[in-house]
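**Student:** output the structure for:
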Amino acid sequence: MPEGDTIFRTAHVLRAALVGRRVTLARAQPGPGLRRVPDLSRVVASTVTSVEARGKHLLIDFDNGLTLRTHLRMKGSWHRYRPGEPWRLPMRQATAILETAESVAVLFNAPTVELLTEADQRRSRPLRELGPDLLSRSFDADEALRRLRERDGDELGNALLDQRAVAGIGNVYKSEVAFLERMNPWAPVAAFDDHQLRGALRTARRLLQANTRGGARVTTGSTARGEGLWVYGRSGRPCRRCGTLIRSARQGELARLTYWCPRCQAAPT
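**Tutor:** Below you'll find the model as predicted:
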């Protein structure tokens, strides 16, 4: 699943391509996983006023008061093309298309495409319940901590993934942050004090910010191939700190893989 840094970069690319441009064509079509197909013709002839990443949601605003909300989930992606340029994926995988005279933005394989009024946005549960966005300039660490504390009974790995607590962390950063902060992802949130949780939030924000510039995701500081991550994707390989074999197991209702070092991240006593 794309994480907050991916959506941030996507918003940056689409902002340059779309903002200030008049929409000449807009349509959505049934695609893999898309259950409701909105009538995007309502934004034709309007002008794009902003493109914003909000956690893992991407919001495109138009000057007629409508907003296109998309969520990529596991396999979705936005592409930008020049008019007439061949697409890298087939038309049957496209779930939304926005065209201007200068560019074409195509959303592939996304299960969430909604056209919202301002009132719809206020009522939207995914947006209304979203926690503080780690990549927002106005990120509220106190509020994020408060929301994590509301989840004291949850395993840390699940709480960090809960977008209602804090927005932007995905499966990669969940594992990497817990490792860097020497926190056991299977321990309940209640096992950690506020200082530890604030440390995890600071580290998550730092990593996300560092990876908004594109390229391979790096948390170790090394850009050498295969050296960029501490634990994610390294099950059965030696810990870069202590040499203990990294473990992995599925966690939470969605059975997402969690990676950790049993020695560096021993369960709290």
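
**Student:** got the contact list for the helix of greatest length in the chain?
**Tutor:** In the chain, taking DSSP state H as the definition, the longest helix is helix 194-210. Residues from elsewhere that reach helix 194-210, judged by C-beta atoms under 8 Å, 6 or more residues apart in numbering: 3-5, 8, 134-135, 139, 141, 144-145, 148-149, 160, 166, 168-169, 173, 176-178, 180-181, 183, 189, 192, 218-219. Yep, even glycine has a C-beta here, placed from its N, CA and C like the rest.

**Student:** could you report the neighbour count for residue 101?
**Tutor:** Residue 101 has 9 neighbours, counted by other C-beta atoms under 10 Å.

**Student:** sorry, slip of the keys, the one I care about is residue 237.
**Tutor:** Quick note: residue 237 (other C-beta under 10 Å) scores 12 neighbours.

**Student:** can you offset everything so residue one is 56?
**Tutor:** All right, first residue 56 from here; so that's residue 292.

**Student:** what residues are up against it?
**Tutor:** Residue 292 touches 300, 301, counting by C-beta under 8 Å, 6+ apart.

**Student:** just to revisit the earlier point, and after the longest helix of the chain, which helix or strand comes next?
**Tutor:** The helix or strand immediately downstream of helix 249-265 is strand 302-306, counting by DSSP states H and E.

**Student:** angle of the very next helix or strand once past that following strand against strand 302-306?
**Tutor:** The helix or strand immediately downstream of strand 302-306 is strand 311-315, counting by DSSP H and E. Per axes from the mean of the first three to the mean of the last three C-alpha atoms, to 10 degrees, the angle that strand 311-315 makes with strand 302-306 is 150 degrees.

**Student:** buried ones in strand 311-315?
**Tutor:** 311, 313, 314, 315 (16 or more other C-beta atoms under 10 Å).

**Student:** out of the contacts of helix 249-265, which are buried?
**Tutor:** Applying 16+ other C-beta under 10 Å to these flags 58-60, 63, 189-190, 194, 199-200, 203, 215, 221, 223-224, 228, 231-233, 235-236, 238, 244, 247, 273-274 as buried.

**Student:** CA atoms of stretch 71-86 as PDB?
**Tutor:** Written as PDB, here are the backbone C-alpha positions of stretch 71-86 (Å, rounded to 0.1, in the frame of the first residue of the first chain):
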ATOM      1  CA  ALA A  71       2.300  20.900 -11.400                       C
ATOM      2  CA  ALA A  72       0.300  19.300 -14.200                       C
ATOM      3  CA  LEU A  73      -3.200  20.300 -13.300                       C
ATOM      4  CA  VAL A  74      -3.500  23.400 -11.000                       C
ATOM      5  CA  GLY A  75      -4.800  26.400 -13.000                       C
ATOM      6  CA  ARG A  76      -5.800  24.200 -15.900                       C
ATOM      7  CA  ARG A  77      -9.300  23.900 -17.400                       C
ATOM      8  CA  VAL A  78     -10.600  20.400 -17.500                       C
ATOM      9  CA  THR A  79     -11.600  19.300 -21.000                       C
ATOM     10  CA  LEU A  80     -12.500  15.700 -20.300                       C
ATOM     11  CA  ALA A  81     -13.200  13.800 -17.100                       C
ATOM     12  CA  ARG A  82     -14.600  10.300 -16.600                       C
ATOM     13  CA  ALA A  83     -14.500   7.300 -14.300                       C
ATOM     14  CA  GLN A  84     -15.100   3.800 -15.300                       C
ATOM     15  CA  PRO A  85     -15.500   0.400 -13.600                       C
ATOM     16  CA  GLY A  86     -12.100  -1.000 -12.800                       C
END
